[in-house]
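# How does the following fold in three dimensions:
(2 chains)
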There are 2 protein chains.
Amino acid sequence: MATTSFTETELDEIFVFAIQLGKDAGKLLLEAAQLRFNGNGQSTQDFVEKDSAVDIVTKTDEDVEEFIKTSISLKYPDHAFVGEESYSKGSSRAYLIDDAAPTWCVDPLDGTVNYTHLFPMFCVSIAFVVGGKPTIGVIYAPFLNQLFTACRGRGAWLNETQRLPLIRNPIPPMPKNAPGGCVFSCEWGKDRKDRPDGNLYRKVESFLNMAAEVGGREGKGGMVHGVRSLGSATMDLAYTAMGAFDIWWEGGCWEWDVAAGIAILQEAGGLVTTANPPESPLTAKIEEVKVGSRLYLAIRPAGPSEAESGREGQERTVREVWRRVRELDYTRPGA
Amino acid sequence: MATTSFTETELDEIFVFAIQLGKDAGKLLLEAAQLRFNGNGQSTQDFVEKDSAVDIVTKTDEDVEEFIKTSISLKYPDHAFVGEESYSKGSSRAYLIDDAAPTWCVDPLDGTVNYTHLFPMFCVSIAFVVGGKPTIGVIYAPFLNQLFTACRGRGAWLNETQRLPLIRNPIPPMPKNAPGGCVFSCEWGKDRKDRPDGNLYRKVESFLNMAAEVGGREGKGGMVHGVRSLGSATMDLAYTAMGAFDIWWEGGCWEWDVAAGIAILQEAGGLVTTANPPESPLTAKIEEVKVGSRLYLAIRPAGPSEAESGREGQERTVREVWRRVRELDYTRPGA
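Residues are numbered from 1 along each chain as shown, chains lettered A, B, ... in the order given. Have a look, this model is predicted:
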């Protein structure tokens, strides 16, 4: 097993390296953004359009990925690398993380639209995946100066000083009436096709069920406390690990968007499984997330209540979400 | 006119006072939040519920309003005060800002749900309204350490050093195909009644029109670049003034949620009018917002293009939004 091929000391060293790499990459992102404050950088019109009007790629994105990739290959020449930018240029959309090879899975800039508009919710996302499991995660949002880090067995942290979740003495249980009382995080995404029962409509129907009053929507009304959309799957996961969001439900993003966030959320005590409800949502086994599945449902870290364990509360919440959401259709094109 | 009753020097002094007040109030909010990090504060269960499950009020909220109110009455005993907390306890929901009296309009804590979950998008909002016009605005989000300030004629600022909008050499024009290319900010709000053609459904229909592909939704598809929901009207306005959001459309909030944000957005060069489309959206006069109208449509500061002035681009965007959104039903209950 590749998981056993690192000593604790080696993992510690890789964790320290990953944190510094995240800080350095985030600094590059912020410096490039600050050029624009002063009118010396690219204008909005200069950005090259990719798949759709929603998918903007900047030169910064590519430069920062190159910086991260080079830094890793110099330090750890035997490790594999999967990055958003280099992957996007490939012809296949196959899942490239090999369970047998330790792999870095990197998004140099998550929240690209936010970045081009200077909305602060953008970040670099660096994961180290061992045996197919996200083992180290580093997310750095430089405009917010928020650094989220985790390494398996070493806890999850905000800015290296505050343990995640933030509220932890005690960690609150999931609300009894979840998704009532919950902050629900979701994204509109890039698939905006006006196709009857397409992903856009299935998403919106799901959002509506989660938001509507209890008793509404033919019993599906969840009356969540709030609905939030940040435009960054990575930040969504980071804030779920922090406990700021109770539930994140999304389809369509990729492994580099979520690998670091999954490492951090799991180490903080959160649960991640699939977004798509199984045939029997109330009884189906709650499987651990597949990193490349493009379908994610995350629940924040939860403490026990008098009635149930933290995990039981999370699983109850998963089932209550599944009961209210539609199945999404995101496959791996070309795979 | 009350607007002429302040000299420039007096306004300068009031601006300095308001900024310090915002910083001090924000510090109180953060200190109370940090108690919760350490398990010494209120638990989520302790919060008193108000109108609905979504409307949480904390003791902090009341304490901070009392601090702000007392500070103002000591310094400026002749000025009027309208605060969210004290207002909510009154029996009427009348609009209390008197055009003839200089009035402080304050929300001690906007984004209460965010605050209770420690999601960083919460802030204190302090406006000084003269002759019915928001003249000074101070918004401080202490967890983000972001301070937004403006005083008429003195520019709008982030953290007192960076002028708003952030991208300003030159300030980008509105996109030619707006709302295409725009980041669209909106909120699900508290009205979650499952009532056919009620506010919830009218909002979601409007969001869908803004998001769907061009040509979709019977020609209403706007294919915005991104849809964002932060759970704080005040932060929405601050980020629109910053240029991070291009469009903010919302109904249902109150004057203390928006007065400071309107002052900052207008001073930055943004436009604020009503959310509800007039009978002839393509030709109707674009009226300046009524602070107490509960219906808001804000457009970011915009520079000129070869084809039009910045103001023309903003007005074109207003009309394109009006063409896609439904009329919302928010009145002043009891008024």
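# any weak-confidence spans in chain A?
Scanning chain A for pLDDT under 70 picks out the ranges A:1-4, A:38-58, A:91, A:333-335.
# one more time with 50
By pLDDT under 50, the low-scoring segments of chain A are A:1-4, A:40-56, A:335.
# Which residue ranges of it form helices?
If you assign secondary structure with DSSP state H, the helices in chain A sit at A:8-37, A:59-75, A:84-89, A:112-117, A:199-211, A:233-242, A:255-268, A:310-322.
# how about JSON lines for those, with mean neighbour count and distance to chain B added?
Backbone N, C-alpha and C define where each C-beta goes, glycine included. Below are those laid out as JSON lines (neighbours: other Cβ atoms under 10 Å in any protein chain shown; distance: least, Cβ to the nearest Cβ, whole Å):
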{"stretch": "helix A:8-37", "mean neighbour count": "17", "distance to chain B": "5"}
{"stretch": "helix A:59-75", "mean neighbour count": "18", "distance to chain B": "15"}
{"stretch": "helix A:84-89", "mean neighbour count": "17", "distance to chain B": "17"}
{"stretch": "helix A:112-117", "mean neighbour count": "26", "distance to chain B": "5"}
{"stretch": "helix A:199-211", "mean neighbour count": "22", "distance to chain B": "5"}
{"stretch": "helix A:233-242", "mean neighbour count": "30", "distance to chain B": "6"}
{"stretch": "helix A:255-268", "mean neighbour count": "29", "distance to chain B": "13"}
{"stretch": "helix A:310-322", "mean neighbour count": "21", "distance to chain B": "13"}
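# Switch those helices over to TSV; also include distance to residue A:182.
As requested, the helices of chain A are exported to TSV (distance: least, Cβ to Cβ, whole Å):
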stretch	distance to residue A:182
helix A:8-37	29
helix A:59-75	33
helix A:84-89	30
helix A:112-117	24
helix A:199-211	9
helix A:233-242	11
helix A:255-268	15
helix A:310-322	7
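# Of all the ones you listed, which one is nearest residue B:34?
Among the helices of chain A, the nearest to residue B:34 by Cβ to Cβ is helix A:233-242 (14.1 Å).
# Report the angle between that closest one and helix A:255-268.
10 degrees (axes from the mean of the first three to the mean of the last three Cα atoms, to 10 degrees).
# And helix A:233-242, how far out from the chain middle?
6 Å (Cα atoms, centre = their mean, to the nearest Å).
# what packs against that helix?
Where contact means 3 or more Cβ pairs under 8 Å, 6 or more residues apart in numbering or on different chains; DSSP states H and E, helix A:233-242 is packed against strand A:103-110, strand A:123-130, strand A:133-141, strand A:146-151, strand A:183-185, strand A:247-251, helix A:255-268, strand A:295-299.
# now the angle between strand A:133-141 and it, please.
Using the same axes, to 10 degrees: helix A:233-242 against strand A:133-141 is 100 degrees.
# Distance across stretch A:77-85, terminal residue to terminal residue?
20 Å (Cα to Cα, to the nearest Å).
# who touches stretch A:173-183?
Here stretch A:173-183 makes contact (Cβ atoms under 8 Å, 6 or more residues apart in numbering or on different chains) with A:210, A:214, A:222-226, A:228, A:244-247, A:299-300, A:302-305, A:307-308, A:310, A:313-314, A:316-317, A:320-321, A:324, B:44, B:53, B:113-114, B:117, B:119, B:231.
# sorry, that was for stretch A:200-220
In contact with stretch A:200-220 (Cβ under 8 Å, 6+ apart) are residues A:177, A:179-180, A:184, A:186, A:188-189, A:191-195, A:221-224, A:227, A:249, A:251, A:321, A:323-329, B:188, B:192-194, B:200, B:204, B:207-208, B:211-212.
# CA atoms of it as PDB?
Once non-C-alpha atoms are left out, stretch A:200-220 reads as follows in PDB (Å, rounded to 0.1, in the frame of the first residue of the first chain):
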ATOM      1  CA  LEU A 200     -29.800  24.000 -14.100                       C
ATOM      2  CA  TYR A 201     -33.500  23.200 -13.400                       C
ATOM      3  CA  ARG A 202     -32.600  20.200 -11.100                       C
ATOM      4  CA  LYS A 203     -30.300  22.400  -9.100                       C
ATOM      5  CA  VAL A 204     -32.800  25.200  -8.700                       C
ATOM      6  CA  GLU A 205     -35.500  22.700  -7.800                       C
ATOM      7  CA  SER A 206     -33.200  21.300  -5.100                       C
ATOM      8  CA  PHE A 207     -32.300  24.800  -3.800                       C
ATOM      9  CA  LEU A 208     -36.000  25.600  -3.600                       C
ATOM     10  CA  ASN A 209     -36.700  22.500  -1.600                       C
ATOM     11  CA  MET A 210     -34.000  23.300   0.800                       C
ATOM     12  CA  ALA A 211     -35.100  26.900   1.200                       C
ATOM     13  CA  ALA A 212     -38.900  26.700   1.300                       C
ATOM     14  CA  GLU A 213     -40.900  26.700   4.500                       C
ATOM     15  CA  VAL A 214     -41.400  23.400   6.400                       C
ATOM     16  CA  GLY A 215     -44.500  21.700   5.100                       C
ATOM     17  CA  GLY A 216     -44.100  23.400   1.700                       C
ATOM     18  CA  ARG A 217     -43.000  21.800  -1.600                       C
ATOM     19  CA  GLU A 218     -45.100  18.700  -0.900                       C
ATOM     20  CA  GLY A 219     -43.200  18.000   2.300                       C
ATOM     21  CA  LYS A 220     -39.800  18.700   0.900                       C
END
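# Show me which residues of the stretch 51-200 of chain A sit near chain B.
Within the stretch 51-200 of chain A, the positions near chain B by Cβ under 8 Å from any Cβ of the partner chain are A:53-54, A:56, A:113-114, A:117-120, A:144-146, A:162, A:166-170, A:172, A:175, A:180-181, A:183, A:188, A:192-194, A:200.
# Is it correct that residue A:130 is in contact with residue A:6?
Yes: if you go by Cβ atoms under 8 Å, residue A:130 and residue A:6 touch, sitting 6.7 Å apart.
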